[in-house]
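**Student:** Return a 3D structure for these sequence lines:
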Amino acid sequence: MLKINDQIPQVWHNRGSAFGCLGQFEAALSCFDNAIKILPSGVVAWKDRSYALMKLERWEDALESWNQTIELRDDVAEAWYQRGCTLEQLRKFDNAQINYRKALAIEPSFEQAKQRLDVLQQAIPSSNPDPWSEA
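**Tutor:** Residues are numbered from 1 along each chain as shown. Here you go, the predicted model:
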């Protein structure tokens, strides 16, 4: 009989990924949380936790999770982009634009970030056109 060591974060992460593929996002979230309990600095588990929360439309929780992901590793354009998407859902459009710009600063060819930024700039002009300046 195969015995699985449930103290290895990758075991929980893999389970969570499998549940996510099956559309069972609550179960996936629980698995990602277990992986994070074992390895709090596990960026991939935080990222996938954030995606699961987005699928569950738990936007405030997703934002907190993306914040933690970015705190652990701030050089991943996808994390900034997804945090921007989450902020859009929370109707925090200026902050979403800032996140899309940060994603593009890391990865200038990030098409999805360019598209979302263009949409927001056309629909809702930013109150601060240069978000990196001291206002």
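
**Student:** how near is the residue lying closest to residue 56 once chain neighbours are set aside to residue 76?
**Tutor:** Once flanking residues are discounted, residue 56 sits nearest to residue 25: 5.1 Å by Cβ to Cβ, 6 or more residues apart in numbering. The C-beta positions use only the backbone N, C-alpha and C, and glycine is treated the same way. Separation of residue 25 from residue 76 (Cβ to Cβ, to the nearest Å) stands at 22 Å.

**Student:** now swap in residue 46 and tell me
**Tutor:** Distance, residue 46 to residue 76, by Cβ to Cβ: 11 Å.

**Student:** ok, these two, which is more surrounded?
**Tutor:** More crowded of residue 46 and residue 76, by other Cβ atoms under 10 Å: residue 46, with 24 against 17.

**Student:** Report the contact partners of that one.
**Tutor:** If you count contacts by Cβ atoms under 8 Å, 6 or more residues apart in numbering, residue 46 has them with 32, 36, 65, 68, 69, 72.

**Student:** and it, what helix or strand is that in?
**Tutor:** helix 43-55 (DSSP states H and E).

**Student:** now the helices for the chain?
**Tutor:** Counting by DSSP state H, the chain has helices at residues 9-21, 25-38, 43-55, 59-72, 77-89, 93-106, 111-123.

**Student:** Domain boundaries for this structure, per the record?
**Tutor:** Under the assignment automatic domain parsing, the domains of the chain span 7-73, 74-127.

**Student:** Now for residue 46 and residue 76: what residues contact both?
**Tutor:** With Cβ under 8 Å, 6+ apart as the test, residue 46 and residue 76 both reach residue 69.

**Student:** Near residue 103, how many other residues are there?
**Tutor:** Applying other Cβ under 10 Å, we find 25 residues neighbouring residue 103.
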